[in-house]
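Have a look at this prediction, sequence included:
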Amino acid sequence: MSVDAISVIVPDVPEAARFLSAAFGWKLGDVFDGFAELDTGKVRLWLSGNAAVPTGIVDGLTLHHIVDDVDAAVEVARSNGAELVFGPVDTDYGMRSAVFKGPGMLLVDVCSYARAEPKDG
C-alpha cells in the first residue's frame, strides 16, 4: 500500500499551483474551480481552497522535495519568486537542506542525501 496523493489546503489555488510548478518543477495537471493537481514525480498534490472534511487540527505542512543539487534547486526556486526561509545548510543528520515558504501554512524543504563537498579556504 502506498500514498498516491496528498491534499493541501491553500488560500489561492491557482497561484499556489503556479508557484509550486514554477519554483520546484512539478508538473501541473488538472486545474478547475477551487482545485489543482501537481505531479511531483512520486506523489500527487491535490490543492484545494477548503477541506472536504474540515477538522481544523492541522496547522501546516512541510513537503520534502529530494533533489541531486540543493544549491541549483534553490536558485531556480528563488528566480521563480520562492521565499527562502532557511539554508541551504548541511545538517547534522547527513543531508543538505533549504526551506521555502509556500502558499498558506505550507513549507517546502528542498533537500539532498549527499552533503556538499567541503570548500577549501
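Nice, thanks for sending it over.

wouldn't Ala98 be in contact with Asp90 here?
No: using CB atoms under 8 Å, Ala98 is not in contact with Asp90, being 10.9 Å away. Where you see a C-beta, it was placed from the backbone N, CA and C, and this is true even at glycine.

So for those two, which sits in the more crowded spot?
The residue with more neighbours, out of Ala98 and Asp90, is Ala98; 24 against 16, by other CB atoms under 10 Å.

hang on, isn't Ala73 packed against Phe24?
Yes: between Ala73 and Phe24 there is a contact under CB under 8 Å: 7.5 Å.

shared neighbours of the two, anything?
Common neighbours of Ala73 and Phe24, using CB atoms under 8 Å, 6 or more residues apart in numbering, are 65, 110.

Do you have the strands of the protein handy? List them.
5-9, 27-32, 35-39, 44-48, 61-66, 83-90, 96-101, 106-112 (DSSP state E).

which residues touch the second one?
Contacts of strand 27-32 from elsewhere in the structure, counted by CB under 8 Å, 6+ apart, are 13-14, 17-18, 21, 36-39, 44.

Show residues contacting the worst-scoring helix or strand of the chain on mean pLDDT.
Here the helix or strand of the chain ranked lowest by mean pLDDT, DSSP states H and E is strand 61-66, holding a mean of 84. Defining contact as CB under 8 Å, 6+ apart, one finds that strand 61-66 is touched by 6, 8, 24, 40, 45, 73, 99, 102, 105-113.

Mind doing that once more with 10 Å?
Applying CB atoms under 10 Å, 6 or more residues apart in numbering, the contact partners of strand 61-66 are 6-10, 20, 23-26, 40-43, 45, 73, 77, 95, 97-100, 102, 104-113.
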